[in-house]
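> here is the input, now give the coordinates:
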Amino acid sequence: MNVIVTILLAVLLNMVGCTQLPRAGNNIVEDSVAGSTTPATGLTADLLFDFLQGEIALQRNQPDVAVESFIRMARETRDPGIAEHATDIALRARRFDDAREAIDLWAALEPDSIQAHQAAVALFVATGELDKVRPHIERLLVLEPETVDKAFMQINKLLSHNPDKKGVLKLVQRLAAPYPDLPEAHFAISQAAWAADEFKAASRAMNQALLLRPGWEMAAVHQGQILQKIDKSAALSFYSQYLDSFPRANDIRIAYIRMLMEEKEFDQGREQFQQLEQANPSNPDIALAIGLLSAELDDLENAEKYFKRALQLGFEDANTIHFNLGRLYEIAQRDAEAMDAYRNVAGGDRYIPAHVRYAVLLAKRDGLAAARRYLNTVQILNEPQRVQLLIAEAQLLRNNNDFRGAYDLLDTYLENHPQQVELLYDRALMADKIGKLDVLERDLRKLIELRPDNAHAYNALGYSLAERGLQLPEALALIQKAIALSPEDPYILDSLGWVYYRMGDLKKGINYLKLAFDERSDPEIAAHYGELLWMNGAKEDAKKIWQSALEEHPENELLLDTIKRLTGR
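Residues are numbered from 1 along each chain as shown. Here you go, the predicted structure:
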């Protein structure tokens, strides 16, 4: 089995997903005594007491007592089976200090045990202890030499949640050092360097991977992306030279086309399009890829042409193509054709989104009631799909300014399905609109408790407090937590600027609002940014920002209210 996949499974099972402890009744002591490996210490009365106490504690779901009992047994017997059992219980009980002791003992007693080192990696990755995880990964690489290449391809995924990106890079470099002739080892170094913003180091490592395996298209794609961060002309040269050597590298040619068009090298881009098409006249995957790339470049005519060609060539996932045709027709304001395309999506991941978009267009054509009736006729397979449709219906009501209707719809469902946390955020937003601020705060705090990694919940609660001028230090802390979870989200940057403004720090507020507005010229961000500029004396700059936002969003309430409140017009 791929060692890193196994490690990831261990992390998920032992550290996060499983709350149920190992069942009682595993006769660890008896098995050890009867088996070929006997405990270093005989079956004493104290050992028997610890065993019975531990098993009873498991039956009664008392993990702390069970952990202490089996840890004592592991120390005294120095039996690897007992150490393994103690490790398992400690990990599931999230007693990490005890787990460290048990794992160290287990790995020392069985240095060639793959399971022992996997458990150690699961623990030390989860707790972010890079120095402690290294020897165990090194040992696993030695114990499973046939999967070393696959392990290096996934090692960065394993370590991706560690915030110390430079520390991860050093770790991966040390792990890769014994494998200088393995392309995957250099690929892993390059990925780690990319995550650490060490782009030149990333390029050098990926170049070494390509020297060892010249036709490795995945590595070439990554190298092109890295070079775009360093020197765009070098990236274009790399793509061109690589295609000279490997003209059938379709992914590279697509990346090359995208970059040529972005750099406004339209003649060269069209030439590469032609080469891609000529080399793959009957390949539906390439037809779809050209269609998607054309849509990305706003070439809607060619996008439609190649989407339809992919259908004609028998692309296996017709639902994806119909969905993309629907989006294309929507952009082109060909609503009737968009609706027909969406109705043709019969399954797959795009099924619910397609029928939601159909309902939106139906509301535009025939009114809200017709759209709601339609949503209630869509066939569903499971509860998550039902929730998606409910959120869509609430959004239709919200778009129609029926905030009470949207709130009541969500509230009724949550009364009967209180565990559907996906709806708490939406109900909180509607509660804000109708003045139920107690519900707003209660739902968002509950959502944070249930989903502590939900940046939008922290942001919404922090912004709500700041907007009302309440508990501003807590509002700031909440929004800073949101920023830590999603540092480039313009709406969270907007909230951060707004809370600083509310706290009287106009300069910081303007700085963060500028970052938010530069990232996304949303009308509400424009309203906030303009207000701070106005209050700072830059009234003409504020008017320009508001006017620009009004041209695209002439009916935005917050924008209009802000302008009227500050200018009197």
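
> what are the ranges of the strands in the stretch 401-550 of the chain?
Using DSSP state E, counting those that start in this stretch, no strands are assigned anywhere in the stretch 401-550 of the chain.

> ranges for the helices of it?
All helices of the stretch 401-550 of the chain, identified by DSSP state H, counting those that start in this stretch, fall at 403-416, 424-433, 437-450, 455-467, 472-485, 490-502, 506-519, 523-535, 539-552.

> can you redo those as CSV with mean neighbour count and distance to N283?
Yep, even glycine has a C-beta here, placed from its N, CA and C like the rest. Listed next are the helices of the stretch 401-550 of the chain as CSV, based on neighbours: other CB atoms under 10 Å; distance: least, CB to CB, whole Å:
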stretch, mean neighbour count, distance to N283
helix 403-416, 17, 46
helix 424-433, 22, 42
helix 437-450, 17, 46
helix 455-467, 23, 40
helix 472-485, 19, 41
helix 490-502, 25, 39
helix 506-519, 19, 37
helix 523-535, 23, 43
helix 539-552, 16, 40
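
> what's the closest of those helices to D299?
Closest approach to D299 among the helices of the stretch 401-550 of the chain is made by helix 539-552 (22.8 Å; CB to CB).

> which other helices and strands does the one helix or strand A102 maps to contact?
Assigned by DSSP states H and E, A102 belongs to helix 96-109. Judged by 3 or more CB pairs under 8 Å, 6 or more residues apart in numbering; DSSP states H and E, the packing partners of helix 96-109 are helix 63-77, helix 80-92, helix 114-126.

> right, so of the helices of the stretch 401-550 of the chain, which gets closest to H222?
helix 506-519 (25.5 Å).

> and the closest one, C-alpha only, in PDB?
Extracted in PDB, the C-alpha atoms of helix 506-519 (Å, rounded to 0.1, in the frame of the first residue of the first chain):
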ATOM      1  CA  LEU A 506      -8.900  55.600  10.300                       C
ATOM      2  CA  LYS A 507      -5.400  55.000   8.800                       C
ATOM      3  CA  LYS A 508      -5.500  51.200   9.300                       C
ATOM      4  CA  GLY A 509      -9.100  51.100   8.100                       C
ATOM      5  CA  ILE A 510      -8.200  52.800   4.800                       C
ATOM      6  CA  ASN A 511      -5.200  50.500   4.300                       C
ATOM      7  CA  TYR A 512      -7.300  47.300   4.600                       C
ATOM      8  CA  LEU A 513     -10.200  48.800   2.600                       C
ATOM      9  CA  LYS A 514      -7.800  49.600  -0.200                       C
ATOM     10  CA  LEU A 515      -6.500  46.000  -0.300                       C
ATOM     11  CA  ALA A 516     -10.100  44.700  -0.400                       C
ATOM     12  CA  PHE A 517     -11.200  47.200  -3.100                       C
ATOM     13  CA  ASP A 518      -8.100  46.400  -5.200                       C
ATOM     14  CA  GLU A 519      -8.900  42.700  -5.000                       C
END
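
> least reliable of the helices and strands packed on helix 96-109 going by mean pLDDT?
Set side by side, these differ in mean pLDDT, and helix 63-77 is lowest with a mean of 69.

> how much space separates G462 from E129?
Using CB to CB, to the nearest Å, one obtains 31 Å as the distance from G462 to E129.

> cool, R92 as well?
19 Å.

> higher neighbour count, those two?
Higher neighbour count among R92 and E129: R92, with 20 against 15, using other CB atoms under 10 Å.

> list the contacts of R343.
Shown in contact with R343 (CB atoms under 8 Å, 6 or more residues apart in numbering): 354-355, 358.

> okay, the residues you listed in JSON lines with distance to E551 and neighbour count next?
Shown next, in JSON lines, are the contacts of R343 (distance: CB to CB, whole Å; neighbours: other CB atoms under 10 Å):
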{"residue": "A354", "distance to E551": "31", "neighbour count": "26"}
{"residue": "H355", "distance to E551": "33", "neighbour count": "24"}
{"residue": "Y358", "distance to E551": "30", "neighbour count": "22"}
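
> which of those fall in helices?
354-355, 358 (DSSP state H).

> okay, the residue lying closest to S486 once chain neighbours are set aside: pLDDT?
Distances taken as CB to CB, 6 or more residues apart in numbering place A455 nearest to S486, at 4.0 Å, with adjacent residues excluded. At A455, the model reports a pLDDT of 93.

> again, but for N556
Value for N556, per-residue pLDDT: 90.

> and if you look at the one 4 residues further on?
According to the predicted model, the pLDDT of L560 comes to 94.

> contact partners of the one helix or strand it maps to?
Of the helices and strands defined by DSSP H and E, L560 is found in helix 557-567. Contacts with helix 557-567, where a contact means CB under 8 Å, 6+ apart, come from 523-524, 526-528, 530-531, 534, 542-543, 546, 549-550, 553, 569.

> please redo it, this time with the cut-off set to 10 Å
401, 522-528, 530-531, 534-535, 539, 542-543, 545-547, 549-550, 553-554, 556, 569 (CB atoms under 10 Å, 6 or more residues apart in numbering).

> cool, stretch 535-542 as well?
Outside stretch 535-542, the residues touching it (CB under 10 Å, 6+ apart) are 501, 506-507, 509-510, 526-527, 529-534, 544-545, 562-563, 566-567.

> how long is it end to end?
End-to-end distance for stretch 535-542: 9 Å, by CA to CA, to the nearest Å.

> can you check stretch 373-386 too?
Start to finish, the residues bounding stretch 373-386 are 14 Å apart (CA to CA).

> pLDDT on that stretch, on average?
93.

> repeat for stretch 186-205
The model assigns stretch 186-205 a mean pLDDT of 96.

> for it, list the C-alpha coordinates in PDB.
What follows is stretch 186-205 as a C-alpha-only set of coordinates in PDB (Å, rounded to 0.1, in the frame of the first residue of the first chain):
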ATOM      1  CA  HIS A 186      13.000  16.600  -6.600                       C
ATOM      2  CA  PHE A 187       9.400  17.200  -7.500                       C
ATOM      3  CA  ALA A 188       8.500  17.100  -3.800                       C
ATOM      4  CA  ILE A 189      11.300  19.600  -3.000                       C
ATOM      5  CA  SER A 190       9.900  21.900  -5.700                       C
ATOM      6  CA  GLN A 191       6.400  21.700  -4.300                       C
ATOM      7  CA  ALA A 192       7.600  22.500  -0.800                       C
ATOM      8  CA  ALA A 193       9.700  25.500  -2.100                       C
ATOM      9  CA  TRP A 194       6.700  26.800  -4.000                       C
ATOM     10  CA  ALA A 195       4.500  26.700  -0.900                       C
ATOM     11  CA  ALA A 196       7.300  28.600   1.000                       C
ATOM     12  CA  ASP A 197       7.400  31.300  -1.800                       C
ATOM     13  CA  GLU A 198      11.000  30.200  -2.700                       C
ATOM     14  CA  PHE A 199      10.300  30.200  -6.400                       C
ATOM     15  CA  LYS A 200      13.900  30.100  -7.700                       C
ATOM     16  CA  ALA A 201      14.600  27.000  -5.500                       C
ATOM     17  CA  ALA A 202      11.300  25.500  -6.700                       C
ATOM     18  CA  SER A 203      12.400  26.000 -10.300                       C
ATOM     19  CA  ARG A 204      15.900  24.500  -9.700                       C
ATOM     20  CA  ALA A 205      14.400  21.400  -8.100                       C
END
